[in-house]
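K.L.:
sequence plus predicted model, see below.
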Amino acid sequence: MTPNELYKRTPEFVDKDINAFAGCYYNHIPEIPELENHYFELSQITARRIEFRYYKDFDFDGRRYWRLGAVTFNDEFVMIIQNAGREGDDYTGRFITNKDLYYKMVDYIKTLMPPKDPLSDDDIVNIDDDIPALDKFYGNELDGYFERY
């Protein structure tokens, strides 16, 4: 079967939930590694310009499934995705059929993600807090004796 032959088939159903791009052990868009870690609440994000057309989505036992679908961006086909097994993690595949549009879709998905604050809460301190480790670390302290070896 060719991708074009698959694209011409009538899907079982259509969805817009971009949660399908990543699971526990797979990421159909590795250019956005944050999808793997569920950096933002994926299940609540629907991408208006992205559509998943599922040609087969068979659930064997509530946990294991077999899924074959196509992804469109701006109503144009971009790629085919496959998942099978436990939570769809045991087997994954992707076939990109429009490279330029794929990269445009990746850029679009990045705009949906909230900005990630690179600072940890541990990095932020009050200017008037007494921080014992501020001037005492790695076995020395600011006003202590420093010996050359």
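P.N.:
That came through fine.

K.L.:
use CA for all of it now, contacts and neighbours both
P.N.:
OK.

K.L.:
what bridges to the closest residue to K16 other than its chain neighbours?
P.N.:
Sequence neighbours aside, E51 is the residue nearest to K16 in space, at 4.8 Å (criterion: Cα to Cα, 6 or more residues apart in numbering). For E51, the beta-bridge partners are T72 (DSSP bridges).

K.L.:
the helices in the chain, which residues?
P.N.:
Along the chain, counting by DSSP state H, helices occupy 3-7, 99-112.

K.L.:
can you put these in a markdown table and add distance to G88, mean pLDDT and mean neighbour count?
P.N.:
Below are the helices of the chain laid out as a markdown table (distance: least, Cα to Cα, whole Å; pLDDT from 0 to 100; neighbours: other Cα atoms under 10 Å):
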| stretch | distance to G88 | mean pLDDT | mean neighbour count |
| --- | --- | --- | --- |
| helix 3-7 | 20 | 95 | 13 |
| helix 99-112 | 22 | 93 | 14 |
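
K.L.:
quick one: closest of those helices to E31.
P.N.:
With respect to E31, and counting by Cα to Cα, the nearest of these is helix 99-112 at 7.5 Å.

K.L.:
which elements pack onto the closest one?
P.N.:
Applying 3 or more Cα pairs under 8 Å, 6 or more residues apart in numbering; DSSP states H and E, we find helix 99-112 packed against strand 64-73, strand 76-86.

K.L.:
dump those to JSON lines, plus mean neighbour count.
P.N.:
What follows is these, written out as JSON lines (neighbours: other Cα atoms under 10 Å):
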{"stretch": "strand 64-73", "mean neighbour count": "20"}
{"stretch": "strand 76-86", "mean neighbour count": "19"}
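
K.L.:
now render these as JSON lines, adding distance to F13.
P.N.:
Compiled in JSON lines, the helices and strands packed on helix 99-112 are given as follows (distance: least, Cα to Cα, whole Å):
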{"stretch": "strand 64-73", "distance to F13": "10"}
{"stretch": "strand 76-86", "distance to F13": "15"}
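
K.L.:
okay, the ones you listed in CSV with mean pLDDT and distance to K16 next?
P.N.:
CSV is the format used below for those (pLDDT from 0 to 100; distance: least, Cα to Cα, whole Å):
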stretch, mean pLDDT, distance to K16
strand 64-73, 94, 9
strand 76-86, 95, 14
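
K.L.:
ok, back up a step: so can I have TSV of the helices of the chain showing distance to G144?
P.N.:
Below are the helices of the chain laid out as TSV (distance: least, Cα to Cα, whole Å):
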stretch	distance to G144
helix 3-7	71
helix 99-112	49
